[in-house]
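Asker: this one's sequence-less:
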């Protein structure tokens, strides 16, 4: 076997041993070049607590937080200009719905026939409609009605549909089959035609009949979405582990399944909110939704339609406000969907 090399003959010179790891013996009498960092890695002791490997950063340590679906979604939403613009528009609509007198003076029910169909002027930047009412004031106050109907109808649909669909998807069996057939029946009813039939016999001037109608025909969509989400969530390992540990059905539903199945419901409900606002305006335009003296964009659009040639401003401003509101909620729903869907990341 070859004799080991004396220290003076090492390639690094200066009589220094290969403590840098630049040259290492192969065990067969040869030599192998190693980078300095690799040599240090071979000589360095493991840094793990049990001596088996380097220590990994602990997500539970101070300053380190475990990332979740909701935190990732919020981070993405803050960087999405579509979400920012739509959220600002919606916040403005909510503000003028709560305090319309801040930006619009006077009463929306105060009309002067002497000013009927007049154009923009001081105190009435949007002009006057066919009854001599201030179009600007009525457009601002109309936001309160539309936003109220949309929000309350969405909450009712989301709660009612989520409970029915979630219970049917979790327990299954005959109840699930029965609910599926009922859902198919409601899906077969045309929404506008159903509104014409059901609301034509209602004489109330409040928003509650319209909200009740929307909840009655709107819950099947949310119910089907919630049912599918619950069926998918209850097949995960953590739900099976909770069941094996003896967790009750209510605990599994509220603590393990609902938080992981609610995201699709939120997305659909956000988009549907804009749809319900448009549906209220459509029913009011047809004369079966809200009725005067309630201030509504649909009522104003219906009243201004005969004067579209002589006073187009009376139709364009409430129509534009309605379109902008519906677009803002749809854009918000699309942004939330992109943020909550991991497949789109």
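Answerer: Noted; the coordinates are in hand. Every value quoted in this text rests on a predicted model; they were computed, and no experiment measured them.

Asker: ranges for the helices of the stretch 101-250 of the chain?
Answerer: Taking DSSP state H, counting those that start in this stretch as the criterion, the stretch 101-250 of the chain carries its helices at 135-171, 173-187, 191-199, 208-233, 237-244, 249-251.

Asker: what's the fifth one in contact with?
Answerer: Spelled out, that is helix 237-244. 233, 251, 252, 255, 256, 257 (CB atoms under 8 Å, 6 or more residues apart in numbering). All C-beta spots, glycine's among them, are computed from the backbone N, C-alpha and C.

Asker: neighbour-wise, which of those residues leads?
Answerer: residue 257 (25 neighbours; other CB atoms under 10 Å).

Asker: wait, that residue sits on residue 162?
Answerer: No. Contact criterion CB atoms under 8 Å: residue 257 and residue 162 do not qualify, at 11.7 Å.

Asker: need the pLDDT of residue 205.
Answerer: The model reports residue 205 with a pLDDT of 79.

Asker: what about the spatially closest residue to it that is not a sequence neighbour, which helix or strand?
Answerer: Nearest non-adjacent residue to residue 205, counting by CB to CB, 6 or more residues apart in numbering: residue 291, 5.1 Å away. Using DSSP states H and E, residue 291 sits in no helix or strand.

Asker: quick one: contacts for residue 291?
Answerer: Residue 291 neighbours (CB under 8 Å, 6+ apart): 205, 284, 299.

Asker: state the distance from residue 306 to residue 315.
Answerer: 10 Å (CB to CB, to the nearest Å).

Asker: nope, residue 329 is what I was after
Answerer: 22 Å.

Asker: so the two - more neighbours on which side?
Answerer: residue 329 (25 against 20).

Asker: so the more buried one sits in a helix?
Answerer: Yes. With DSSP: H, G, I helix; E, B strand; the rest coil as the criterion, residue 329 is part of a helix.

Asker: I'd guessed it sits against residue 89; true?
Answerer: No. In this structure, residue 329 is not within contact of residue 89 by CB under 8 Å, at 9.0 Å.

Asker: what about residue 204, neighbour count?
Answerer: By other CB under 10 Å, the burial measure for residue 204, its neighbour count, is 11.

Asker: okay, buried residues for the host helix or strand of residue 336 please.
Answerer: Taking DSSP H and E as the definition, residue 336 sits inside helix 313-340. Residues 313-319, 321-322, 325-326, 328-340 are the ones in helix 313-340 that count as buried (16 or more other CB atoms under 10 Å).

Asker: any regions of the protein where pLDDT drops low?
Answerer: For the chain, the stretches flagged by pLDDT under 70 are 1-69, 342-345.

Asker: swap in 80 and give it another go.
Answerer: 1-70, 205, 249, 341-345 (pLDDT under 80).
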